[in-house]
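# sequence first, then the predicted structure:
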Amino acid sequence: MIRLSTLAGRLVAASLLASALVLAGCHRGDTKAEVAAMQAQQHFDAVIKAYKGGQFLVDDAVLSAIDTGSHFAYLKDAGKLPKTVLLVPSDDSKVRKQHLEYMARIALDYGVVVYYDKNGELKQINPQETKARALEDYHAPAKMGDDQKSKSAAGSDMEDRSRGY
């Protein structure tokens with residue numbers, strides 16, 4: 001009985017080793033790329049994440065493009081302006097053209113060097129090649145047509161209501 005249990009233990013250990021080798025063979029080095037990207041973030045003065053709708057995550061706060069520009073203006077006034085900035089995708093959004101255009105404007109305005117992560121490779125944003133977009137806070141509301149100006153939400157004329165109709 002003792003020999004049977006040690007034999008079974010050795011078979012279990014061998015099967016565990018074999019399954020670990022099989023899993024290691026299926027590994028494609030994705031973790032290495034993630035580790036390299038995380039180590040690269042340590043070499044930058046600031047890391048900003050791209051967020052939905054052309055917004056940015058700066059220190060875990062969602063900021064519009066104009067607020068991000070204001071943040072850089074504050075850092076410049078405080079004497080803490082970063083020299084290098086890394087733009088990375090967030091969990092909610094990838095780096096889009098709109099983000100690159102906004103960061104190109106910030107690079108032009110404040111003289112910082114901005115890099116972004118493109119498929120695991122770091123690329124520098126060149127403000128001359130990338131159309132530097134004016135920083136926007138919001139989109140203006142739609143204008144009401146002349147025929148809709150005197151109408152209430154129910155569709156009746158406002159003048160009819162004032163007369164008591």
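Cool, got the structure.
# read off the pLDDT value for the nearest residue to Val113 once chain neighbours are set aside.
If the residues on either side of it in the chain are set aside, Val113 comes closest to Thr84, at 5.1 Å by CB to CB, 6 or more residues apart in numbering. From N, CA and C alone the C-beta is placed, and that goes for glycine too. Thr84 carries a pLDDT value of 92.
# Thr84 and Asp67, how far apart?
21 Å (CB to CB, to the nearest Å).
# do the same with Ala104
17 Å.
# for Met103, which residues are in contact?
Ile48, Val85, Leu87, Val114, Tyr116, Ile125 (CB atoms under 8 Å, 6 or more residues apart in numbering).
# how about a cut-off of 7 Å?
Leu87, Val114, Ile125 (CB atoms under 7 Å, 6 or more residues apart in numbering).
# if we can go back for a sec, which one's more surrounded, Ala104 and Asp67?
Counted by other CB atoms under 10 Å, Ala104 and Asp67 do not tie: Ala104 has more neighbours, with 20 against 16.
# looking at this, the more buried one is in a strand?
No: Ala104 is assigned helix when assessed by DSSP: H, G, I helix; E, B strand; the rest coil, not a strand.
# compute the distance between it and Gln98, please.
Distance of Ala104 to Gln98, given as CB to CB: 11 Å.
# one more: Val62?
15 Å.
# for stretch 119-127, measure first residue to last.
20 Å (CA to CA, to the nearest Å).
# any weak-confidence spans in this structure?
In the predicted model of the chain, residues 1-4, 11, 13-14, 16-41, 134-165 satisfy pLDDT under 70.
# show me where it has strands.
Secondary structure of the chain (DSSP state E): strands at 46-50, 56-58, 61-63, 84-89, 113-118, 121-124.
# now the ones you listed in TSV, with distance to Asp77 and mean neighbour count?
Formatted as TSV, the strands of the chain follow (distance: least, CB to CB, whole Å; neighbours: other CB atoms under 10 Å):
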stretch	distance to Asp77	mean neighbour count
strand 46-50	16	21
strand 56-58	16	20
strand 61-63	17	14
strand 84-89	17	20
strand 113-118	20	18
strand 121-124	26	12
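# what would these look like in TSV with distance to Gly9?
Output for the strands of the chain, formatted as TSV (distance: least, CB to CB, whole Å):
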stretch	distance to Gly9
strand 46-50	49
strand 56-58	51
strand 61-63	55
strand 84-89	47
strand 113-118	47
strand 121-124	47
